[in-house]
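Engineer: Dropping the sequence and predicted coords here.
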Amino acid sequence: MQEPAAAAIEDPAYLAPGRFVDSDHPAVVAFAEETARGIADPRERAVALYYRVRDAFRYDPYGIDRSEAGFLASWVLAHGRSFCVPKATLLAAAARAVGIPARLGYADVRNHLTSAKLAASMGTDVFAWHGYTELALDGRWVKATPAFNLSLCEKTGVLPLEFDGREDSVFHPFTADGSRHMEYLVDHGTFADVPHAQMMAGWAEHYGSPKDDGSEQGPADPGDFEADAAAHHRGGS
């Protein structure tokens, strides 16, 4: 059963800008207002924001910037691609910018269809602290997962996640051909802003600490995740 949202609607934390949910950033405000222009109903606004965040920014877990700057909602707008955590943060920030209370949720998931390259670099198929968004709509929290863009889904046989503002949008356990896809393992709960320090500690536990090379960012040209994932789906490397 979905948790009532009445208390959260009254909590200013879910409408206010945060360190990472920088809903007052000019680029975020412009993005949200442009997407929601002419749409009066909050649920329809949320749906429009969801699909734009899902598809206008490619899912890319290569070369993750672990610094605080890499987790800002505005970072996604500046770079045009990102992974699940910042994309969920962008959706939350854009929602708040147009008056929709939003918070962030996190879970550990096992991705049975990740690229071989990414699984090798991570040493596991478990994605710790996968991020999604929760939006307060019609008096209740509704989950929205804008991680995988449509073109990635089409190339890998993954069912794209749809969102209508009424039902939770979470990863499917199976693909269109019946292959195992995503398995939820651990629920870390919900937060008003990105728990960056807690997340980095969790990542260190799962993946080890990043190399001390003077930078918390990945390589300048880490590759094309969408192409690698499509090749993996076809039975390539």
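Structural biologist: All right, it came through fine.
Engineer: Enumerate every residue touching the residue most central in space within the chain.
Structural biologist: The centre of the chain sits closest to residue 84, judged by CA atoms, centre = their mean, with a distance of 2.9 Å. Counting by CB atoms under 8 Å, 6 or more residues apart in numbering, residue 84 makes contact with 59, 61, 127, 130-132, 145, 147. C-betas here are computed from N, CA, C, even on glycine.
Engineer: Reformat the residues you listed as CSV; add secondary structure, pLDDT and distance to residue 21.
Structural biologist: Formatted as CSV, these follow (DSSP: H, G, I helix; E, B strand; the rest coil; pLDDT from 0 to 100; distance: CB to CB, whole Å):
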residue, secondary structure, pLDDT, distance to residue 21
59, strand, 92, 19
61, coil, 85, 21
127, strand, 88, 21
130, strand, 93, 17
131, strand, 96, 11
132, strand, 96, 14
145, coil, 96, 17
147, coil, 93, 17
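Engineer: Save those as TSV, and put in neighbour count and distance to residue 164 too.
Structural biologist: Below are these laid out as TSV (neighbours: other CB atoms under 10 Å; distance: CB to CB, whole Å):
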residue	neighbour count	distance to residue 164
59	20	21
61	22	27
127	23	25
130	25	22
131	26	21
132	26	16
145	23	13
147	23	18
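Engineer: between those, which is closest to residue 68?
Structural biologist: residue 131 (15.0 Å; CB to CB).
Engineer: Look up which residues are beta-bridged to the closest one.
Structural biologist: With DSSP bridges as the criterion, residue 131 is bridged to residue 106.
Engineer: Test my guess that it contacts residue 103.
Structural biologist: No. With contact defined as CB atoms under 8 Å, residue 131 does not reach residue 103; the gap is 11.2 Å.
Engineer: before we move on, the earlier item: any idea what sits nearest the residue nearest to the centre of the chain, other than its immediate chain neighbours?
Structural biologist: residue 147 (3.9 Å; CB to CB, 6 or more residues apart in numbering).
Engineer: For the one you found, give me its contacts.
Structural biologist: Here residue 147 is in contact with 54, 59, 83-84, 87-88, 130-132, 161 (CB under 8 Å, 6+ apart).
Engineer: One more: residue 55?
Structural biologist: With CB under 8 Å, 6+ apart, residue 55 has these contacts: 149-151.
Engineer: For PyMOL, what selects the buried ones among those residues?
Structural biologist: Only the buried entries of the contacts of residue 55 go into this PyMOL selection, using 16 or more other CB atoms under 10 Å:
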select buried, resi 149
